[in-house]
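**Q** Everything below, folded, please.
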Amino acid sequence: MKRVKRVVKKAIIVYIIIYLILGSISFSYARTYDKECGEYISQYARDFIDKYCTPTETKTRYVLISKARWTGGEFGKGIFEACCNTGIRYMYELALGVELADYGWANSCATDCEGLGNYPQFWEDVTNQTLEPGDIVFSTSHTEMYIGDNQNANFGNSPYSGKIANGPRLGSDFTKAYRPKFDVNPTGTIPIGELEDEDLSIYDDNGFIYKGVASIESYESSTPLGKWIINMLSEILD
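**A** As a prediction, this is how the structure comes out:
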């Protein structure tokens, strides 16, 4: 019986360690969408347009499809095919690691400017606010992304050209604007300095303040780290 108990305990410990390691890797860059994320995806869209959608390039094609795609099957291979709706959706997928269809985005090119308003937990209606880079603007049949400096990233020209159109134009062509409120997963290229306003302080009852994140080296142990972790988990299981 004791042998079985030891085997089960070791199996649980191994599972916990692997779970914690994979969990920390999977969510190391996760954060709630904020201004810096909007600026990041805006710059990503600019760079994408400059590289693949300029008049001198023939790597893009305007097509009414349900999801953007490369005819070569991989990013940058063959012709990039998209419409206004799917082009914006593709930028969010590449730059911020999110699938907009999971947050109420219409899974077609028939843009419904009222659709995102049905998901207030995921989207902020900024129609009557000053737009920020990354905000998505809608008309009844067209979608663009505001990228700052009174410009929009436009993936809906026909024939496809991907030009950056003048904007924002709410009150004329566009009637709605929305800003994400959900968690995103940037590729990690947002400068660390941009995160300085995040609260990393730990306060105890006596007013002691620790700035930053505690490292494992802060803890002393008379045994090697790996063995110390196993012993600690064993005591918890016991």
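
**Q** Which stretches in this protein count as strands?
**A** 31-32, 60-62, 69-70, 80-82, 123-125, 136-138, 143-148, 151-153, 164-166, 176-180, 183-184, 201-203, 209-211 (DSSP state E).

**Q** tell me the helices in the chain, going along the chain?
**A** In the chain, the segments counted as helices under DSSP state H are 2-26, 35-52, 84-96, 225-237.

**Q** Could I get the average pLDDT for the third one?
**A** Right, the one you point to is helix 84-96. In this model, helix 84-96 carries a mean pLDDT of 92.

**Q** Please apply the same query to the last one.
**A** Regarding helix 225-237, the rounded mean pLDDT is 67.

**Q** Can you tell me which of the strands of the chain is nearest to E39?
**A** Of all the strands of the chain, strand 143-148 sits nearest to E39, with 7.5 Å by C-beta to C-beta. (Each C-beta comes from the backbone N, C-alpha and C, glycine too.)

**Q** for that closest one, packing partners?
**A** Judged by 3 or more C-beta pairs under 8 Å, 6 or more residues apart in numbering; DSSP states H and E, the packing partners of strand 143-148 are helix 35-52, helix 84-96, strand 136-138, strand 151-153.

**Q** Could you look over the ones you listed and pick the most buried one?
**A** Each of the helices and strands packed on strand 143-148 was scored by mean neighbour count; the highest is strand 136-138, a mean of 26, by mean count of other C-beta atoms under 10 Å.

**Q** Okay, now the sheet partners of that one, with direction.
**A** strand 143-148 (antiparallel), strand 176-180 (antiparallel) (DSSP bridges).

**Q** report the angle between the axes of the shortest one and helix 35-52?
**A** With axes from the mean of the first three to the mean of the last three C-alpha atoms, to 10 degrees as the criterion, the two stretches strand 176-180 and helix 35-52 enclose an angle of 110 degrees.
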